[in-house]
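Undergrad: show me how the following folds:
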Amino acid sequence: MNKTEQRIDRSVTETTKATPSGETVASPEDGTTMQAIVQRAYGSADSLGLATIDRPTIAEDEVLIEVHAAGLDRGTWHLMTGTPYLIRLAGFGLTKPKQAVPGLDVSGRVVAVGSTVTRFSPGDDVFGIAQGSFAEYAAAKEAKLAHIPANTTFEQASVATVSAITALQALTDVGKLESGQSVLIIGASGGVGSYAIQLAKALGAEVTGVASTAKLDLVRSLGADHVIDYTTDDFVDAGRGYDLILDIGGRNSIARLRRALAQRGTLVIVGGEGGDTFTGGLGRQLRALLLSPFVSQRLTMFVSTEHHSMIERVAAFIESGEVIPSIGQRFSLADTADAIQQMEAGALKGKSVIVVRTAAADREINRGVAR
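TA: Prediction:
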């Protein structure tokens, strides 16, 4: 018996329904249960199990999505482990996850809408951020969804929100990138990095990507002008000062990053990797903010805005063909824990997808998607 089978055997049929506050609207479809990945305590991927639970109910400002695919991102891992501990104090659950079903990135078809929802109707194909997307059905705020771009598959759309809006905000809203500038992207082969490369190129930048040996070909294929293998070379020794650095890896000191930055360049620290178990990378980010007023370089951080206006900006880049979601590997819903373990080990490239409905391809053909 493999690990996945053991996790399924440990799973029990769940009947508890977490009903959000406010008005609720029941699903119009027959059937009240679904298959979902469930976690009842913080821990490793082994704490996840496949279970039968009630479908979510939706509040007046939410939609119910028939999930076709769900993206895997680093934030899901943090919420699964409850680390850094600051996450728990931020309202995600002190002793156990507040949301029993993990997963953020989602794509699928709307099957029900709340009473105040105006932008979507049942039958619409959407993507964005949901509450528990590793399931057959998920609830999502109307404000965190957009229509799937033309000529985009459900799988592509499912990996195109969390990482892409983070990359876009880091480059534009925070990094103030201008055409012709040079950008260094550290952690270029991951979810955020794979979008940052393409978006920076679309915005007219000269892009250098930093990754491991095995992932350099992916970084090149995404459009990077230059690549640096961090296992053999040091980006600080490249002999140039970059106008903008996106540090997604989270393992470099502020001093090292400043040596690779132009005299009046901008450093954007993306995410909270590294650091201690309580604050994670936030300590490094705060040190950068405190130092910034006293140096000529701009040192900054940010928290990504999860709003449909940002998702629609990403959708425009995808629809134009300037950005193509990079799917690294596909996993079934039952293999979600294995996917997370591989992500934690650094074995995945780009964004991996949890395929919830294998019949989605037939429906995409009906939508006129180019395949």
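
Undergrad: contacting residues for Leu72?
TA: Applying Cβ atoms under 8 Å, 6 or more residues apart in numbering, we find Leu72 in contact with 105, 159, 191, 331, 339-340, 343, 348, 351-354. C-betas here are computed from N, CA, C, even on glycine.

Undergrad: if we use 10 Å, what do you get?
TA: 102-105, 133-134, 158-159, 162-163, 191, 328-329, 331, 336, 339-340, 342-343, 348, 351-354 (Cβ atoms under 10 Å, 6 or more residues apart in numbering).

Undergrad: same question, Asp229
TA: 210-216, 219, 235.

Undergrad: pull out the buried residues from the contacts of Leu72.
TA: 102-105, 133-134, 158-159, 162-163, 191, 328, 331, 336, 339-340, 342-343, 348, 351-354 (16 or more other Cβ atoms under 10 Å).

Undergrad: go ahead and confirm Leu184 touches Ala211.
TA: No - between Leu184 and Ala211 there is no contact under Cβ atoms under 10 Å: 11.9 Å.

Undergrad: joint contacts of these two?
TA: Counting by Cβ under 10 Å, 6+ apart, the common neighbours of Leu184 and Ala211 are Ile228.

Undergrad: show me what contacts Ile354?
TA: Contacts for Ile354 (Cβ under 10 Å, 6+ apart) come out as 37, 67, 69-72, 76, 103, 105-106, 133-135, 155, 158-159, 330-336, 339-340.

Undergrad: before we move on, back to that, helices - which of the contacts of Leu72 land there?
TA: 158, 162-163, 191, 336, 339-340, 342-343 (DSSP state H).

Undergrad: same list (the residues you listed) but as CSV, adding distance to Lys98 and pLDDT.
TA: Below are these laid out as CSV (distance: Cβ to Cβ, whole Å; pLDDT from 0 to 100):
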residue, distance to Lys98, pLDDT
Ser158, 23, 97
Val162, 18, 94
Ser163, 23, 93
Gly191, 23, 90
Thr336, 19, 95
Ala339, 22, 93
Ile340, 19, 92
Gln342, 26, 91
Met343, 22, 87
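
Undergrad: got the residues you listed as TSV, with distance to Val303 columns?
TA: Converted to TSV, those look like this (distance: Cβ to Cβ, whole Å):
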residue	distance to Val303
Ser158	23
Val162	13
Ser163	15
Gly191	17
Thr336	26
Ala339	26
Ile340	23
Gln342	27
Met343	22
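
Undergrad: phi first, then psi, for the nearest residue to Arg240 once chain neighbours are set aside.
TA: Among residues not flanking Arg240 along the chain, Ser182 sits closest, at 7.2 Å (Cβ to Cβ, 6 or more residues apart in numbering). Main-chain dihedrals, Ser182, degrees, to the nearest 10: phi -100, psi 140.

Undergrad: what about the stretch 251-371 of the chain, any weak spots by pLDDT?
TA: Low-confidence segments of the stretch 251-371 of the chain (pLDDT under 70): 272-281, 359-371.
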